[in-house]
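Novice: the amino acid sequence is not available; the structure is as follows:
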């Protein structure tokens, strides 16, 4: 007997996107539910809780941002938001409200599938024991031991550098906005100091990346924030 795949709820008001995503996800052995309006999506999510939600921000009626906010009030299922290119402010707002990732329309199917796999993996880890050690290529971040290694050798970080790296690594795979990082690492009073954050990210990349100018693990999400890419 085949084990049913993860359940994905897609909320988007464009019929062609709903049809395409439903077909592709079903081919990949996911269970799929679709909704064309925010209210319908919330009802379906409550009736049959999904393992992951793909949410368009440009919905008629109840906005995608409001849907994201209401979902986060009761579910920790990963949310991948879809946004048009000029929807940067909405993307940031959705991520600050708890969305895990975003894709800009138009997007590639393989990219979407990769983001879905990563989000589901990290969600599964979160349900189990939270890993205290995060690995990313030659990097090892020991969150509990406050220790970082690169190729087996310890890397000395300042307290603030480690706090920044630990927050990114603990949320590996998720896009973290400038504001959420600044709030967590430096406090609410510093949420507008984006240049301050960029300085610390440059310092981390110099210590951790093979080529700081072409980072592989500490990635910039332009205009939005940063993402840590781990092996998991």
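Specialist: Great, that's in hand. This structure is a prediction, so every number in the text was calculated from the model and none was measured.
Novice: every contact and neighbour count from this point should use C-alpha atoms.
Specialist: Fine.
Novice: could you list the low-confidence segments of this structure?
Specialist: 1-3, 85-86, 126-131, 232 (pLDDT under 70).
Novice: ranges for the strands of it?
Specialist: 7-11, 31-35, 52-56, 79-83, 101-104, 133-136, 139-142, 147-150, 153-154, 175-177, 218-221, 225-228 (DSSP state E).
Novice: give me the sheet partners of the third one and which way each runs.
Specialist: Sheet neighbours of strand 52-56, with direction, are listed as strand 7-11 (parallel), strand 79-83 (parallel) (DSSP bridges).
Novice: and the last one, how far out from the chain middle?
Specialist: Think strand 79-83. 9 Å (C-alpha atoms, centre = their mean, to the nearest Å).
Novice: residues in contact with that strand?
Specialist: 52-58, 68, 90-91, 94, 98-105, 116 (C-alpha atoms under 8 Å, 6 or more residues apart in numbering).
Novice: can you check stretch 172-188 too?
Specialist: Under the contact criterion C-alpha under 8 Å, 6+ apart, stretch 172-188 has outside partners 92, 95-96, 100-102, 118-119, 122, 160, 163-164, 167-168, 189-194, 197, 221, 224-230.
Novice: now mean neighbour count too, for the strands paired with strand 52-56, in TSV please.
Specialist: Below are the strands paired with strand 52-56 laid out as TSV (neighbours: other C-alpha atoms under 10 Å):
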stretch	mean neighbour count
strand 7-11	24
strand 79-83	25
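Novice: in JSON lines: the ones you listed, plus distance to residue 63.
Specialist: Putting the strands paired with strand 52-56 into JSON lines (distance: least, C-alpha to C-alpha, whole Å) gives the following:
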{"stretch": "strand 7-11", "distance to residue 63": "11"}
{"stretch": "strand 79-83", "distance to residue 63": "12"}
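Novice: biggest helix in the chain, by residue count?
Specialist: helix 109-127 (DSSP state H).
Novice: chain neighbours aside, what residue packs nearest to the residue positioned nearest the centre of the chain?
Specialist: Nearest to the mean C-alpha position of the chain, by C-alpha atoms, centre = their mean, lies residue 174 at 2.5 Å. Leaving aside its sequence neighbours, residue 174 sits nearest to residue 100 (C-alpha to C-alpha, 6 or more residues apart in numbering; 5.1 Å).
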